[in-house]
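Asker: sequence first, predicted coordinates after that:
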Amino acid sequence: MKTTQRIDKILATCGFGTRKEAKNLLHTGTVTVDGKVVTVADTQVDPNVQEIAVDGEVLNIRHHVYLMLNKPANVVSSTKDGEHQTVLDLLDKEYNHRFPGGEIHMVGRLDIDTEGLLLLTTDGSLTHRLTSPKNHISKKYFVRLKEGVSPAEAENYKEKFGAGIEVPRESSEEAFVAKPAELEWLNPEESSSAEAYLTIYEGKYHQVKRMFAAMGNEVIYLKRVAVGELQLDPNLASGAARELTAEELELLK
Ligand code: URA
C-alpha cells in the first residue's frame, strides 16, 4: 500500500488550509521533513515514518490512526446528534481533522447506555474486516441482569446460548436465530447469579439485550470488554481514548 503523499496534500489534509495555502506555507521555508527544509510542493513524504514539522513544531500525523475508547453511558455512537454527546466529541482536538489515510470513524456501534471498548480508526479496510458478518469476529460483553438465576437456570441459559437461541423481532428488526454464543457466569455456584460474560460472533441490533430478553430476563448493565483478541485496557478511564500499541494492532489484523 502506498503511504507516501505530496507534502502540500498532507499539510492541506491536516488543517493547513487549501492546497494553495499549503504551497505558500512551503515557500516560506518553515516546513521541515526529518529536519530538512522542504519547499517543493510535490515532494513525496511518508507521514508514518518521516517527521514533519511546521515552525519547529512536530506534527503528529500518521497515515492511519487506531484508537481504543472506553465509551461511557449517555454518549451516542454516531457522528452527529443534536441532543447527546457523540463518541467523536470525546476525542482530543488532535484527532479533529482528516488523516492522510482517511477520516476517523467508529468500528461498529454500541447502544447509548452500553459502555466499554469502541474502536475508532481511519483504516476502512480494518473496519470492513472487523464488521463484515462473514468474518464472525468475537465480541465479549460483561452483563449484569435484573433477575438473578439459580445454578440450574444458569446452566439452561448456557445451553440455549450455546446451541443458538431464537431471538424474537423487536420493532422493525426481524427475529433471528443467534449464532452459538459462549456464556460464562461469574459466580456459578452461588444460589443466584446475575453477572456473566457473553461472547457473540455477530452484531445484530440490540443483540445481547435481546438474547437475554428471549430468556425472560433483562440486561441492566452492559459493557464490551473485548473485540476479537483485543481487550479493553482496564486502566483506560471511562470516556478516555488512546492509540493502540503495535502489539494490540497486530491482534486485530
Ligand atoms: N448488544 C446490545 O444489546 N447492545 C450493545 O450496545 C451491544 C451489543
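Answerer: Nice, I can see it. Numbers count the residues shown, from 1 in each chain.

Asker: quick check: Asn187 touching Ala196?
Answerer: No. Asn187 lies out of contact with Ala196 (CB atoms under 8 Å); the separation is 9.4 Å. For glycine as for every other residue, the C-beta is placed from the backbone atoms N, C-alpha and C.

Asker: between these two, which has more neighbouring residues?
Answerer: Ala196 (23 against 14; other CB atoms under 10 Å).

Asker: list the contacts of that one.
Answerer: 142-143, 145, 157, 183-186 (CB atoms under 8 Å, 6 or more residues apart in numbering).

Asker: likewise for Asp81?
Answerer: Applying CB under 8 Å, 6+ apart, no residues qualify as near Asp81.

Asker: so in the chain, which helix runs the longest?
Answerer: helix 151-163 (DSSP state H).

Asker: which positions in the chain make contact with the ligand?
Answerer: 110-111, 114, 206-209, 222 (CB under 6 Å from any ligand atom).

Asker: in strands, which of the contacts of Ala196 appear?
Answerer: If you go by DSSP state E, the contacts of Ala196 have 142-143, 145, 183-185 in strands.

Asker: just flag the most distant two among those.
Answerer: Leu145 and Glu184 (13.7 Å; CB to CB).

Asker: among those two, which residue is more densely surrounded?
Answerer: Neighbours were counted for Leu145 and for Glu184 using other CB under 10 Å; Leu145 has more, 18 against 11.

Asker: isn't the more buried one up against Leu222?
Answerer: No. Using CB under 8 Å, Leu145 is not in contact with Leu222; the gap is 10.1 Å.

Asker: okay, now Leu222: neighbour count?
Answerer: Neighbours around Leu222, by other CB under 10 Å: 21.

Asker: and if you look at Leu186?
Answerer: Leu186: 13 surrounding residues under other CB under 10 Å.

Asker: so how far is the ligand from it?
Answerer: 18 Å (CB to the nearest ligand atom, to the nearest Å).

Asker: buried sites along the helix or strand containing Glu250?
Answerer: Using DSSP states H and E, Glu250 maps to helix 246-252. Residues of helix 246-252 classed as buried by neighbour count (16 or more other CB atoms under 10 Å): 248-249, 252.

Asker: same deal with stretch 87-107?
Answerer: For stretch 87-107, burial by neighbour count (16+ other CB under 10 Å) applies to 87-88, 90-91, 95, 99-102, 104, 106-107.

Asker: give the contact list for the closest residue to Thr3 other than its chain neighbours.
Answerer: Distance criterion CB to CB, 6 or more residues apart in numbering; nearest residue to Thr3, sequence neighbours excluded, is His63 at 4.5 Å. Contacts for His63 (CB under 8 Å, 6+ apart) come out as 3, 46-48, 99-101, 122.
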